[in-house]
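> need the 3D shape of this:
(one chain, ligands or ions: 2)
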Amino acid sequence: MQGIWTTERIRAAEDRLLAVTPDGELMRRAAFGLAVHAAEMLAEHTGSVSGRRVTLLVGSGNNGGDALWAGAFLRRRNVAVSAILLKPERAHGAGLAALKRSGGKVVSVEDGPQWIRRADLVLDGIVGISARGPLRADAAALLEHVSSPVLAVDLPSGVDPDTGAVDGPAVVADRTVTFGALKPVHALAPASCGEIALVDIGLSLSDPDLRRLDTADVAAAWPVPGPGDDKYSQGVVGVAAGSATYPGAAVLAAGAAALATSGLVRYAGHAADVVRGRWPEVVATGSVTDAGRVQAWVVGPGIGTGNEGRDVLRFVLGRGVPVCADADATTIIARSPDVLDARDPDTPLVLTPHAGEFERLMGSPPGADRVAAARSAARKYDAVVLLKGHCTVVAAPDGRALVNTPRGSWLATAGSGDVLSGLVGALLAAGLDPWLAAGAAAHVHSLAGSLAADGAPTSASGILAAVPAALRSLLSPAS
Ligand SMILES: NC(=O)C1=CN([C@@H]2O[C@H](COP(=O)(O)OP(=O)(O)OC[C@H]3O[C@@H](n4cnc5c(N)ncnc54)[C@H](O)[C@@H]3O)[C@@H](O)[C@H]2O)[C@@H](O)CC1
Ligand SMILES: [K+]
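Ligands and ions are numbered 1, 2, ... in the order given. Below you'll find the model as predicted:
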């Protein structure tokens, strides 16, 4: 699992390290790594390093210092470096002196545009982890002249370091080189960061504030049958979804559950005939009351928000098995919280709201800090909350939180959430910890989405059809 730390924790770790490190050493380590990446980008985009032009956008803090020192290192490789100082009187003293010594040029903000337009690469050293709010007007105006690739120092300036929120002018980088550890911005604002590289400066951090599952974590968690397994030992999942008029949600959720693991899938609802026709392996009945025993329920997609939907939700919440409540089920819970009285104590619950459903559940939209929002909903409902959005956030009532960073935005298509809930249900039935189940399902869902899309729009059926390929790439990467 990749660890992610808030800027407050990073700053504390930096202070501990600074106290035992010679003056300026950490910044030089950071800047050297930065210069290596800058040279790599120059070579990639222009075919050479020597003789190329790099322009530095330099703010008033240490982030600007990193950029200035990196400029001095790039001079050693015969790169023409120009630095635009946004606040000349507050520019990092040692960094500026090093750049000047190395033969780098300092240019005024007024002359900046022509140097930016001429650059083969622009380094964004405007603000780093102490940034607050969007870019100010002077920096925003300069960015309009950028046409070359951009390398962000530590993080793209203008993007909130702790939430990834963008609410005004901000840098969009091709690559972000960060130091010591990942910060929330790197997981929550992938479109602003571009490719992310981590340079080790010797920070020592444990107990991350936020996590990101990597491929190996998901592969290790995913249930793989052994010789002694049968369809029951793999976990039986019940799917209560869809209606006679809208059978699609049932077909997608039951299908995802069937493809996720080799356990058995039971379906209960008015779309039984359609589900059986599409997925003959699913045991389908008309009602949850005669569905038989399951180890987890997925409930909600397409069940409606009326009395019948409420009864279905109440029934499954009282079975003493984990429940993934999605779509209409979240709306029912928001409107009639008393349905949760039917929940057996200690029954794990996973809620999977999108922003609108979140607002119904919590009375206000998720806001800029989506991790904090998911955590507070998780506490309120004593449930794992999977908050959908470009980046999916999964929070547990005990405070654990993870982010799934997508590859592209192809998952935002009708029915995509039904596929996700089926995957979550299958993993709950297999006995995974609900937080991990939700995170692993989100990971495979976005992987299937990018495989299905492959650079063009796809559909929920396409995402569903790509689930086996996604799992194959995780579980048997060599084949
Ligand atoms: N402390 C350390 O040991 C290290 C720090 N490093 C660098 O230092 C950075 C943090 O440096 P600082 O704490 O000096 O602060 P920053 O460089 O993040 O910038 C803070 C400065 O920018 C101004 N500012 C804040 N928001 C702004 C906005 N929206 N527009 C314009 N100006 C704004 C503030 O007035 C302040 O002067 C890190 O991101 C990293 O790049 C690295 O060199 C690694 C070592
Ligand atoms: K920056």
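> next up, the contacts around whichever residue of the stretch 351-479 of the chain sits closest to ligand 1.
Closest to ligand 1 within the stretch 351-479 of the chain is Ala368: 14.6 Å, counting by C-beta to the nearest ligand atom. For the C-beta atoms, the positions are set from N, CA and C on the backbone; glycine is no exception. Residues in contact with Ala368 (C-beta atoms under 8 Å, 6 or more residues apart in numbering) are 160, 163, 165, 167.
> 10 Å instead?
By C-beta atoms under 10 Å, 6 or more residues apart in numbering, the contact list for Ala368 reads 160, 162-167, 188.
> next one: Thr163
6, 184-185, 188-189, 367-373.
> how far away is the most centrally placed residue in the chain from ligand 2?
Taking C-alpha atoms, centre = their mean, the centroid of the chain lies closest to Thr405, which sits 2.6 Å from it. Relative to ligand 2, Thr405 is positioned 19 Å away (C-beta to the ion, to the nearest Å).
> quick revisit: list phi and psi for the residue of the stretch 351-479 of the chain closest to ligand 1.
phi -70, psi -40 (degrees, to the nearest 10).
> neighbours of the closest residue to ligand 2 within the stretch 201-350 of the chain, just the number please.
Nearest to ligand 2 in the stretch 201-350 of the chain, going by C-beta to the ion, is Ile201, at a distance of 15.8 Å. By other C-beta atoms under 10 Å, 21 other residues sit near Ile201.
> check what pLDDT it gets.
Per-residue pLDDT puts Ile201 at 96.
> helix or strand: which one has it?
In this assignment (DSSP states H and E), Ile201 forms part of neither any helix nor any strand.
> just confirm it contacts Val177, I think it does.
No - the pair Ile201 / Val177 is not scored as a contact, 11.2 Å apart, by C-beta atoms under 10 Å.
> so what sits against both of those two?
Residues touching both Ile201 and Val177 by C-beta under 10 Å, 6+ apart: 30-31, 33.
> which of these tops the neighbour count?
Ala31 (30 neighbours).
> touching ligand 2 at all, the helix or strand hosting that one?
Using DSSP H and E, the element containing Ala31 is helix 25-46. No - using C-beta under 5 Å from the ion, helix 25-46 stays clear of ligand 2, coming no nearer than 10.4 Å.
> just want the angle from the helix or strand just after that helix to helix 25-46.
Following helix 25-46 in sequence order, the next helix or strand is strand 53-58 (DSSP H and E). On the basis of axes from the mean of the first three to the mean of the last three C-alpha atoms, to 10 degrees, strand 53-58 is oriented at 140 degrees to helix 25-46.
> closest residue of the stretch 101-250 of the chain to ligand 1?
With C-beta to the nearest ligand atom, the shortest gap between the stretch 101-250 of the chain and ligand 1 falls at Gly128, namely 1.9 Å.
> residue contacts, Pro16?
For residue 16 the amino acid is Arg, not Pro. Counting by C-beta under 10 Å, 6+ apart, Arg16 touches 203-205.
> and which of the residues you listed is nearest Gly112?
Leu203 (32.9 Å; C-beta to C-beta).
> coming back round to it: how about the helix holding Ala31 as CSV, C-alpha atoms only?
C-alpha atoms of helix 25-46 as CSV (Å, rounded to 0.1, in the frame of the first residue of the first chain):
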residue,chain,number,x,y,z
GLU,A,25,21.4,19.7,2.4
LEU,A,26,17.7,18.7,2.1
MET,A,27,16.9,21.3,-0.5
ARG,A,28,19.9,20.3,-2.5
ARG,A,29,18.9,16.7,-2.4
ALA,A,30,15.4,17.7,-3.6
ALA,A,31,16.7,20.0,-6.3
PHE,A,32,19.2,17.5,-7.6
GLY,A,33,16.3,15.0,-8.1
LEU,A,34,14.3,17.7,-9.7
ALA,A,35,17.2,18.5,-12.1
VAL,A,36,17.5,14.9,-13.1
HIS,A,37,13.8,14.8,-14.0
ALA,A,38,14.0,18.1,-15.8
ALA,A,39,16.9,16.8,-18.0
GLU,A,40,14.9,13.6,-18.7
MET,A,41,11.9,15.6,-19.8
LEU,A,42,14.1,17.8,-22.0
ALA,A,43,15.6,14.7,-23.6
GLU,A,44,12.2,13.1,-24.1
HIS,A,45,10.6,16.2,-25.6
THR,A,46,13.4,17.7,-27.6
